[in-house]
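Peer 1: sequence below, structure please.
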Amino acid sequence: MTQLTDRPDRYGLVSRVLHWGMAAMFAAQFLSAWAHWALPREDALRGILWSWHFDLGMTLFILVLLRGAWGLANLARRPSHSGLMGQATAIGHLAIYALMVIVPLVRIVAGAGGEHGLHYLGLQIFPARETPIAWTQAVAEWHGEMGWILAVLVLGHIAVAVLWHRVVRHDDVLSRMA
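Peer 2: Next up, the predicted model:
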């Protein structure tokens, strides 16, 4: 059991699998959003990538909730971050987690009050409405912008992990999660 849970010197197997698995899924999610934005409407790749954007986003939302619960259950055992950089790390992680919840949540709310309803992996979660609920559509207006802010924070997270910890400090932070 100790290899599954987090320890003060290393993240456990569950945390590492969730971290790296979700990292790969977020990369695919950001790629699908980029293709939707950057490629012409008639481009086949754009259509293929965009076709799984919503289901992938919902799957990520579920995994974020599971990962958050797992992290809270392991909070006392997790590696600590001390000093000013530790405080910055905590704030950065909090911002990333907040956006990982808020970004999909606004689309779920929009689907619940929208004329198309909400479907996940072919299952109807919320039925379509004849008349959309205006406020549910208004909150979704920020989905894309918040998603790109999340992407920038993720890139910052990667940059700090690689440049600061690996190149500047030469410490073992990356090995805790590898």
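Peer 1: strands of this protein, start to end?
Peer 2: Under the criterion DSSP state E, the chain contains strands at 118-120, 123-126.
Peer 1: in this structure, what secondary structure element scores lowest on mean pLDDT?
Peer 2: Scoring the helices and strands of the chain by mean pLDDT, DSSP states H and E places helix 173-177 at the bottom, with a mean of 76.
Peer 1: between the strands of the chain, which one is closest to residue 106.
Peer 2: Smallest distance to residue 106 across these (Cβ to Cβ): 12.4 Å, for strand 118-120. Placement of C-beta: from N, CA and C, glycine included.
Peer 1: and the closest one, what other elements does it pack with?
Peer 2: helix 53-73, helix 83-112, strand 123-126 (3 or more Cβ pairs under 8 Å, 6 or more residues apart in numbering; DSSP states H and E).
Peer 1: tabulate those in TSV, adding columns for mean pLDDT.
Peer 2: What follows is those, written out as TSV (pLDDT from 0 to 100):
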stretch	mean pLDDT
helix 53-73	97
helix 83-112	94
strand 123-126	95
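Peer 1: out of the strands of the chain, deepest packed?
Peer 2: Each of the strands of the chain was assessed for mean neighbour count using mean count of other Cβ atoms under 10 Å. The highest is strand 118-120, with a mean of 18.
Peer 1: list the neighbouring strands of that one plus their orientation.
Peer 2: Within its sheet, and counting by DSSP bridges, strand 118-120 is paired with strand 123-126 (antiparallel).
Peer 1: got a list of what the residue nearest to residue 65 when sequence neighbours are not counted touches?
Peer 2: Closest residue to residue 65 in three dimensions, ignoring its sequence neighbours and counting by Cβ to Cβ, 6 or more residues apart in numbering: residue 101, at 7.5 Å. Residues counted as contacts of residue 101 (Cβ atoms under 8 Å, 6 or more residues apart in numbering) are 61, 64, 65, 68.
Peer 1: related to what we said a few turns ago, extract the CA atoms of the least confident helix or strand of the chain and return them as PDB.
Peer 2: Output of helix 173-177 as PDB, limited to C-alpha atoms (Å, rounded to 0.1, in the frame of the first residue of the first chain):
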ATOM      1  CA  VAL A 173      11.800  17.500  -7.500                       C
ATOM      2  CA  LEU A 174      11.200  15.900 -10.900                       C
ATOM      3  CA  SER A 175      12.300  12.500  -9.600                       C
ATOM      4  CA  ARG A 176       9.500  12.700  -7.000                       C
ATOM      5  CA  MET A 177       6.900  12.600  -9.700                       C
END
